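*Asks:* Could you look at this predicted model? Sequence included:
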Amino acid sequence: MPTMHDNVLVWGEIEQATVDQAARLSRLPFVRGHVALMPDAHVGMGSTIGTVFGTNGAIIPAAIGVDIGCGMVAQSLNVRAEELPDNLDGLHHAIARSIPAGMGQGHRNDHRAETTRDRIEQLIAARAEWNEHDRKRAYTQFASLGSGNHFVEVCLDENDGVWAVLHSGSRGIGNALAMKHIECAKGLMRQYFIELEDPELAYLVEGTNEFDAYIKDMQWAQEYAFANREAMMDEVVHQMAWFLGRELEPDPAINCHHNYTVMEHHGGRDVWLTRKGAIRARHGDLGVIPGSMGSASYIVRGRGSEASYTSSSHGAGRRLSRTEARRSLSVESLNREMAGKTWNAANAEALLDEHPEAYKPIAEVMEAQADLVEVVHELRQIVNYKGVEEIRNRRKSK
């Protein structure tokens, strides 16, 4: 059960620095009710990752973060494990060939499906304010994965059913839009001599042009992120069908954000509810909670807890920073963790900061939020695909 610390309701065992950061957020005058910390919570930029809170009259762009609309999609492919060959290298290569991954990567030669091209053209047409650089980036990066902890996986459930699971967000255009508004909010704090406990908690006031502009861009980026995952999942299904040599009839996808803000009703009032590293878990909502690379992921059903603002964790949550993981963990131990799986093994050194030991044990996270969600399926990965170019380049620049 959760415990209360300085108006912060905490699920699981969370380090004090994380609780302290959430407490600073809770003291802002426009935050309504308590701040909820999910069991995967850890220190973030300004707002703690794994945080849920409501506001009236203002919104904090950095609390949503720079990957607006980042989230998960999972889909049962209605394929059985016994239908798959022992060697899945060809499937990994097919996914890597069709879905660009890595920082700044996109589709250089546009061989995407016509439905994908139509979807991105509609999204671009929905925004009147474009410069050529942003328009091109939004177009070319649509249906691409990104880097860091973004991934595509093929998994088996407890009944040996095959699933595809994917983690991604709004790519470079979402980052650009977020940074523009974060800097705008910081500038307004300086202009009006507003001092904050943490400058990253700079906010925009409802009823101003700046607030309206952010809401418009944020909602567009959320739609872009949702559609981006949808398009990539369609491509994964297509590649699986090619790999097996037959048409597939997958179940409907489960597609959910975990970095976003939306107007919801909690505590008897309407609030802008921010979920930073958390998914919506109303009663009956299906969601996707991934573990770390090499560990289990979960399909869950929400229990509708009002104490958590009908939310749950978005994953395992980091235990080590990326720098600390690269310094303290080894390629040998990563290879052991990934034994028996098809993955980017040739890039093991570049993926050290995604080592499973850099994350909290997902089983403990799930146990700590048993009052928030029930497990529908436990998935074990057999294929993992990540973007490594950005990680490799970052290591070279150190």
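*Replies:* Everything's here; your move.
*Asks:* so what does the one helix or strand residue 136 maps to touch, helix or strand wise?
*Replies:* Applying DSSP states H and E as the criterion places residue 136 in helix 132-141. In this structure, helix 132-141 makes packing contacts with helix 114-125, helix 171-191, judged by 3 or more CB pairs under 8 Å, 6 or more residues apart in numbering; DSSP states H and E. No exception for glycine: its C-beta is placed from N, CA and C like everyone else's.
*Asks:* Local confidence estimate at residue 111?
*Replies:* Confidence at residue 111, expressed as pLDDT, is 84.
*Asks:* which SS state does it fall under?
*Replies:* Judged by DSSP: H, G, I helix; E, B strand; the rest coil, the three-state class of residue 111 is coil.
*Asks:* That one and residue 291, how far apart?
*Replies:* Going from residue 111 to residue 291 by CB to CB, to the nearest Å gives 33 Å.
*Asks:* Equivalent analysis for residue 195, please.
*Replies:* 40 Å.
*Asks:* higher neighbour count, these two?
*Replies:* More neighbours surround residue 291 than the other of residue 195 and residue 291, with 23 against 7 (other CB atoms under 10 Å).
*Asks:* Is that one in contact with residue 358, as I believe?
*Replies:* No. The pair residue 291 / residue 358 is not scored as a contact, 12.0 Å apart, by CB atoms under 8 Å.
*Asks:* Does anything pack onto the strand ranked longest in the chain? Which helices or strands?
*Replies:* Taking DSSP state E as the criterion, the chain has its longest strand at strand 373-386. With contacts taken as 3+ CB pairs under 8 Å, 6+ apart, strand 373-386 sits against helix 89-98, strand 151-156, strand 161-168, strand 286-289, strand 297-302.
*Asks:* quick one: stretch 186-201 to chain centroid distance?
*Replies:* Mean C-alpha position of stretch 186-201 versus that of the full chain (CA atoms, centre = their mean, to the nearest Å) differs by 27 Å.
*Asks:* ok, the residue nearest to residue 214 when sequence neighbours are not counted to residue 314 distance?
*Replies:* Nearest residue to residue 214 in three dimensions, chain neighbours excluded: residue 181, at 4.4 Å (CB to CB, 6 or more residues apart in numbering). The spacing between residue 181 and residue 314, counted by CB to CB, is 22 Å.
*Asks:* These two: who's more crowded?
*Replies:* residue 314 (28 against 23).
*Asks:* follow-up on the earlier one: show the average pLDDT along the helix holding residue 136.
*Replies:* Here the average pLDDT along helix 132-141 is 94.
*Asks:* ok, now stretch 221-236?
*Replies:* Rounded mean pLDDT across stretch 221-236 is 98.
*Asks:* before we move on, what about stretch 87-104?
*Replies:* Stretch 87-104 comes out at a mean pLDDT of 95.
*Asks:* Let me see the contact set for the residue nearest to residue 214.
*Replies:* Shown in contact with residue 181 (CB atoms under 8 Å, 6 or more residues apart in numbering): 61, 204, 210, 213-214, 217-218.
*Asks:* next one: residue 5
*Replies:* 19, 23.
*Asks:* so what's it bridging to?
*Replies:* As for beta bridges, residue 5 partners with residue 8 under DSSP bridges.
*Asks:* now it: how far from residue 15?
*Replies:* 12 Å.
*Asks:* With residue 204 instead?
*Replies:* Separation of residue 204 from residue 15 (CB to CB): 30 Å.
*Asks:* When the two are compared, which one has more neighbours?
*Replies:* Taking neighbours as other CB under 10 Å, residue 204 and residue 15 compare with residue 204 leading, 22 against 12.
*Asks:* Determine the number of other residues adjacent to the residue lying closest to that one once chain neighbours are set aside.
*Replies:* Spatial nearest neighbour of residue 204, excluding adjacent residues (CB to CB, 6+ apart): residue 211 at 4.3 Å. Using other CB under 10 Å, residue 211 is surrounded by 20 other residues.
*Asks:* Go ahead and confirm residue 108 touches residue 139.
*Replies:* No. Shown here, residue 108 and residue 139 do not form a contact pair, counting by CB under 8 Å, at 11.7 Å.
*Asks:* what about the two, which has more around it?
*Replies:* residue 139 (17 against 8).
*Asks:* OK, contacts around the closest residue to the more buried one other than its chain neighbours?
*Replies:* The shortest distance from residue 139 to any non-neighbouring residue, by CB to CB, 6+ apart, is to residue 120 (5.7 Å). Listed by CB under 8 Å, 6+ apart, the contact partners of residue 120 are 138-139, 142-143, 227, 231.
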